[in-house]
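In: Fold the following.
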Amino acid sequence: EYLRSQGDWRVLVAPDHPTPVARRTHTADPPPFLVAGAGIEASGAEGLHERAARASGWHVRRGHELLPAWITSERLGPSAGKG
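Out: Down below sits the predicted model:
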């Protein structure tokens, strides 16, 4: 409720690398991330883990571009920039 009372807001949560339990070590796979707030399109993901991230349909090819897009884009989500 506090964030909503402050006007537009955004939150980004991301690990620096995935460490799947089954492999018990770091991998080069893209890590899952969570974004929420103004202009963020819901992906329908059921959680914040590798399987949900793959199923969300939202993939960032160049990880270093995620933060600048999150800061400057009006809309973000699986269909942002399409059509």
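In: Please count neighbours and contacts with C-alpha atoms only from this point.
Out: Will do.
In: Can you show me the strands along the protein?
Out: Ranges of strands in the chain, per DSSP state E, are 10-13, 34-37.
In: Could I get the buried residue list for the helix-or-strand element of the chain with minimal mean pLDDT?
Out: In the chain, no helix or strand scores lower on mean pLDDT, DSSP states H and E than helix 50-56, which sits at a mean of 82. Applying a neighbour-count criterion of 16 or more other C-alpha atoms under 10 Å, one finds Glu50, Ala53, Ser56 buried in helix 50-56.
In: OK, contacts around the first one?
Out: The neighbours of Glu50, taking C-alpha atoms under 8 Å, 6 or more residues apart in numbering as the test, are Pro18, Pro20, Pro31, Pro32.
In: what about 6 Å?
Out: Pro32 (C-alpha atoms under 6 Å, 6 or more residues apart in numbering).
In: And for the last one?
Out: With C-alpha under 6 Å, 6+ apart as the criterion, the residues that contact Ser56 are Ser43, Ala45.
In: quick one: it and Gly7, what's the gap?
Out: 27 Å (C-alpha to C-alpha, to the nearest Å).
In: One more: the first one?
Out: With the distance defined as C-alpha to C-alpha, Glu50 ends up 31 Å from Gly7.
In: Tell me how many other residues surround Pro31.
Out: Pro31: 21 surrounding residues under other C-alpha atoms under 10 Å.
In: how about low-confidence regions in the protein?
Out: 78-83 (pLDDT under 70).
In: which residue ranges form the helices in it?
Out: In the chain, the helices defined using DSSP state H lie at 2-5, 50-56, 66-72.
In: Pick the most buried one from the strands of the chain.
Out: With neighbours taken as mean count of other C-alpha atoms under 10 Å, the strands of the chain reach their highest mean count in strand 34-37, at a mean of 16.
In: Just the CA atoms of that strand, as PDB, please.
Out: Provided in PDB are the C-alpha atoms of strand 34-37 (Å, rounded to 0.1, in the frame of the first residue of the first chain):
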ATOM      1  CA  LEU A  34      11.000 -10.400 -11.300                       C
ATOM      2  CA  VAL A  35       9.800  -6.900 -12.200                       C
ATOM      3  CA  ALA A  36       6.700  -5.100 -10.900                       C
ATOM      4  CA  GLY A  37       5.200  -1.700 -10.900                       C
END
